[in-house]
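Undergrad: no sequence on this one, just coordinates:
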Ligand SMILES: [Zn+2]
């Protein structure tokens, strides 16, 4: 499962960070997940609960911010939302999107400790 490998690597990054900063007990992890990653937030939360259960991470809140996909017009540089399934065009000039400006991220934004 895609989400499971994400969660295991996320937990190891969080642990590394906590060790480096000598942090206390973890309360909350905030992550940002772009729509393009095709990660289901609910599945991610479930995997996290399974992985964290019985460890020192049990009860830690996983705060997931979903980021919509946005593209940038190749002509006028306008940024606009892109639908994953549709051929979206720039609402200003009708131009095509030259690429994604957001929606591909899968980042740990912050960690809250006691
Ligand atoms: Zn445009």
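TA: Right, received. Where do you want to start? No experiment lies behind these values; they were computed from the predicted model shown. Numbers count the residues shown, from 1 in each chain.

Undergrad: contacting residues around the closest residue to residue 46 other than its chain neighbours?
TA: Distances taken as Cβ to Cβ, 6 or more residues apart in numbering put residue 3 closest to residue 46, at 7.8 Å, once the chain neighbours are dropped. All C-beta spots, glycine's among them, are computed from the backbone N, C-alpha and C. Counting by Cβ atoms under 8 Å, 6 or more residues apart in numbering, residue 3 touches 39, 40, 43, 44, 46, 47.

Undergrad: JSON lines for those residues, including neighbour count and distance to residue 60?
TA: Formatted as JSON lines, the contacts of residue 3 follow (neighbours: other Cβ atoms under 10 Å; distance: Cβ to Cβ, whole Å):
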{"residue": "39", "neighbour count": "19", "distance to residue 60": "18"}
{"residue": "40", "neighbour count": "13", "distance to residue 60": "19"}
{"residue": "43", "neighbour count": "15", "distance to residue 60": "17"}
{"residue": "44", "neighbour count": "22", "distance to residue 60": "13"}
{"residue": "46", "neighbour count": "16", "distance to residue 60": "14"}
{"residue": "47", "neighbour count": "22", "distance to residue 60": "13"}
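
Undergrad: farthest pair in these?
TA: 39 and 46 (11.9 Å; Cβ to Cβ).

Undergrad: How about the helix or strand of the chain with the lowest mean pLDDT and the ion, touching?
TA: When each helix and strand of the chain is scored by mean pLDDT, DSSP states H and E, strand 97-102 comes last, with a mean of 91. No - applying Cβ under 5 Å from the ion, one finds strand 97-102 out of contact with the ion, separated by at least 8.9 Å.
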